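Asks: sequence below, structure please.
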Amino acid sequence: MRGSTAFRRTRVVGAATLGAALVTLFATGSPAAGAPEVQPGRGTALGEIVKLDPRAGSLSLGITDGRSIAGHQNTVAQASSQAFDYGIIGTTMASQGCDGGPPTLSADKQPSAMQVDSRQPNSTQDADEDKVPVPAHKHASASPTPYGEAVTTSAPLALGPITVGGGVTKAHSGLVEDGKVREASATVDISGIEIPPAGISLSGLHWEATWRSSDPQSVGTFTLGSATIQGQSIPTNDPNAALTQINQALAPLGIALKPPSMHQGTDMISVDPLAFSVFPSTTRDGVVNSIIGNPAASQARQELFAALLAQDCSNATYITVFDLVVGSITGAGSFNVLFGGATASSGEAFQNSFCLGCGTPSLGLNSSSPSLGTSSFGAPSAGASKPQSGASTPGPAAATAAPAAAPVKASFLGKRGGALAAVGLVGLGLMALTAEGDRRKMRRAQREIPQFQE
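Replies: Reported below is the predicted structural model:
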């Protein structure tokens, strides 16, 4: 009986220690329970439907149609949808009149971007744009998941001899699949493009750029639904081969369609726009120069412009735009129309230990952000998204005191240990002390047992 009860206290202490460990384990839980399997990190996605980009020297008009941007960093998400961005033309027309009068087209009468932030109460917005040449719809939403999404829809648009069908751009960035995957993705769909002078018709154009934290990690594609030349269908299973045939038909006009290429970096992927470019053509330039270079035509042009300026000095804006466009297609510059194009980037968000720009957190998804262009892929140019790939960094805090920023949750998760380890160590110590006490008691009892000798 004594042997069965000799280790009673050891068993009691062991059971108590095991119970305490189980209570601590279930009370604290696994660090992954109910939490995302990946860190939110950062991400940016951008897509555009059309960008009209005539240039004279290095000066670009840069009018953009259908831009969607989404981005996130840690627990903050933002999204921006803009139907039209008039670029330098809008800036010029919004400036004060040459005679001190009102601007030609004030900023409040120009299209503006719809931007939302997950920290704002109105983080989901929808609106029809009423300050654009064609109907358009904007949608933007952001949540602290984090997840930001922007969708911009635009109606068909005529660009001189080119007709562009309706288009939709979608961009999202954040955690998906119940927080298991971090993803940034942009898609662009254009119903069709027609170039009647060359008898060219394209339909079902689609761009996609996606960067994920899981396999497949990146996706970058451009597909073409159908294409015809002078009413004859051509295969489109290989878009590059189809565009090669189309460029042969466009060559006499001095224009070409540059096929989109895919570019991939360590944490970004992009698919170029389909670039409609004007290059020198003996036939076209000879006809144009014979008209513009004619002394009678030059004299008439000067008299017309002088009369317009005498009537209203603000007409100088329109004259400047006209000269830029004409110069871009007559050898004094370049003329590009960029269709589609998408870029996405995603990765870990490194902690800022220097507190640069404290109190003014922002992902920089605003109307002054750069846009897609042929130079913005691979390494973002001075203007690419306005990704994303990326977010702008706020400047240092102003000299004047700024309101304190609301505290945000830590961007990292706790790790198992701490309390559980302490309970285990204390339990082991108690068990060791109890066992040592029982051992000494048994030795003492053994010494007290009478020893019989024969």
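Asks: packing partners for whichever strand or helix holds residue 227?
Replies: Using DSSP states H and E, residue 227 sits within strand 218-229. On a contact count with 3 or more Cβ pairs under 8 Å, 6 or more residues apart in numbering; DSSP states H and E, strand 218-229 meets strand 200-212, strand 232-234, helix 239-250, strand 262-264, strand 268-271. Backbone N, C-alpha and C define where each C-beta goes, glycine included.
Asks: mean confidence score for the longest one?
Replies: Per-residue pLDDT values across strand 200-212 average out to 97.
Asks: direction included, what does that strand pair against?
Replies: The pairing partners recorded for strand 200-212 under DSSP bridges are strand 181-195 (antiparallel), strand 218-229 (antiparallel).
Asks: in the strand holding residue 227, what's buried?
Replies: 218, 220, 222, 224, 227, 229 (16 or more other Cβ atoms under 10 Å).
Asks: what about residue 156, how many residues nearby?
Replies: 15 (other Cβ atoms under 10 Å).
Asks: then residue 95?
Replies: Residue 95 has 15 neighbours, counted by other Cβ under 10 Å.
Asks: relative to residue 274, how far out is it?
Replies: 34 Å (Cβ to Cβ, to the nearest Å).
Asks: residue 426 too?
Replies: Taken as Cβ to Cβ, the span from residue 426 to residue 274 is 69 Å.
Asks: neighbour count: these two, which is higher?
Replies: residue 274 (24 against 12).
Asks: which residue, other than its chain neighbours, is closest to the more buried one?
Replies: Setting aside the residues directly before and after it, residue 274 is nearest to residue 339 in space (Cβ to Cβ, 6 or more residues apart in numbering), at 4.3 Å.
Asks: the one you found touches residue 277, doesn't it?
Replies: No. Between residue 339 and residue 277 there is no contact under Cβ atoms under 8 Å: 11.5 Å.
Asks: so between those two, which is more surrounded?
Replies: residue 339 (23 against 17).
Asks: returning to that earlier point: what angle do the strand holding residue 227 and helix 239-250 make?
Replies: 40 degrees (axes from the mean of the first three to the mean of the last three Cα atoms, to 10 degrees).
Asks: other residues contacting strand 218-229?
Replies: Contacts with strand 218-229, where a contact means Cβ atoms under 8 Å, 6 or more residues apart in numbering, come from 198-212, 233-234, 236, 239, 242, 245-246, 249, 259-260, 262-264, 269-272, 274, 340.
Asks: select only the buried ones of the residues you listed in PyMOL?
Replies: Those of the contacts of strand 218-229 that count as buried under 16+ other Cβ under 10 Å are selected in PyMOL with:
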select buried, resi 198+200+201+202+203+205+206+207+208+209+210+211+212+234+236+239+242+246+259+260+262+263+264+269+270+271+272+274+340
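Asks: for the residue lying closest to residue 51 once chain neighbours are set aside, helix, strand, or coil?
Replies: Excluding its sequence neighbours, the residue lying closest to residue 51 (Cβ to Cβ, 6+ apart) is residue 338, at 4.2 Å. Assigned by DSSP: H, G, I helix; E, B strand; the rest coil, the conformation of residue 338 is strand.
Asks: returning to what we had before: can I get the strands paired with strand 200-212 in CSV with distance to residue 306 and mean pLDDT?
Replies: Output for those, formatted as CSV (distance: least, Cβ to Cβ, whole Å; pLDDT from 0 to 100):
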stretch, distance to residue 306, mean pLDDT
strand 181-195, 36, 97
strand 218-229, 45, 96
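Asks: possible to save these as TSV with distance to residue 162?
Replies: Putting the strands paired with strand 200-212 into TSV (distance: least, Cβ to Cβ, whole Å) gives the following:
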stretch	distance to residue 162
strand 181-195	6
strand 218-229	15
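Asks: among those strands, which comes closest to residue 160?
Replies: Across these, residue 160 has its closest neighbour in strand 181-195 (10.1 Å, Cβ to Cβ).
Asks: what about the helices in the stretch 51-200 of the chain?
Replies: Using DSSP state H, counting those that start in this stretch, the helices of the stretch 51-200 of the chain run over 87-93.
Asks: quick revisit: correct me, but the residue nearest to residue 51 touches residue 54?
Replies: No. Under the criterion of Cβ under 8 Å, residue 338 makes no contact with residue 54, lying 11.5 Å away.
Asks: who has more neighbours out of these two?
Replies: Shown here are residue 338 and residue 54; by other Cβ under 10 Å, residue 338 has more neighbours (25 against 22).
Asks: who does the more buried one form a beta bridge with?
Replies: Under the criterion used (DSSP bridges), residue 338 bridges to residue 51, residue 275.
Asks: same question, the one 5 residues further on
Replies: On the basis of DSSP bridges, residue 343 is bridged to residue 46, residue 270.
Asks: tell me how many other residues surround it.
Replies: The number of residues packed near residue 343 is 32, by other Cβ under 10 Å.
Asks: assumed residue 301 was part of a helix.
Replies: Yes. Applying three-state DSSP, one finds residue 301 inside a helix.
Asks: still on that earlier bit, now do the contacts for the residue nearest to residue 274.
Replies: By Cβ under 8 Å, 6+ apart, the neighbours of residue 339 are 49, 50, 164, 190, 193, 205, 273, 274, 275, 276.
Asks: pLDDT weak spots in the stretch 201-350 of the chain?
Replies: 279-294, 314-315, 317-318, 320-321, 323-334, 350 (pLDDT under 70).
Asks: if you set the cut-off to 90 instead, what comes out?
Replies: 214-217, 249-256, 266, 276-337, 348-350 (pLDDT under 90).
Asks: one more: the stretch 51-200 of the chain?
Replies: The stretch 51-200 of the chain contains residues with pLDDT under 90 at 52-63, 86-109, 130-133, 159-161, 197-198.
Asks: and the strands in it?
Replies: Ranges of strands within the stretch 51-200 of the chain are 59-60, 63-73, 76-85, 114-117, 124-129, 136-143, 147-154, 157-159, 162-164, 167-176, 181-195, 200-212, based on DSSP state E, counting those that start in this stretch.
Asks: reformat those as JSON lines; add distance to residue 300.
Replies: Output for the strands of the stretch 51-200 of the chain, formatted as JSON lines (distance: least, Cβ to Cβ, whole Å):
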{"stretch": "strand 59-60", "distance to residue 300": "26"}
{"stretch": "strand 63-73", "distance to residue 300": "28"}
{"stretch": "strand 76-85", "distance to residue 300": "33"}
{"stretch": "strand 114-117", "distance to residue 300": "45"}
{"stretch": "strand 124-129", "distance to residue 300": "39"}
{"stretch": "strand 136-143", "distance to residue 300": "38"}
{"stretch": "strand 147-154", "distance to residue 300": "37"}
{"stretch": "strand 157-159", "distance to residue 300": "27"}
{"stretch": "strand 162-164", "distance to residue 300": "28"}
{"stretch": "strand 167-176", "distance to residue 300": "39"}
{"stretch": "strand 181-195", "distance to residue 300": "30"}
{"stretch": "strand 200-212", "distance to residue 300": "34"}
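Asks: all set now, cheers.
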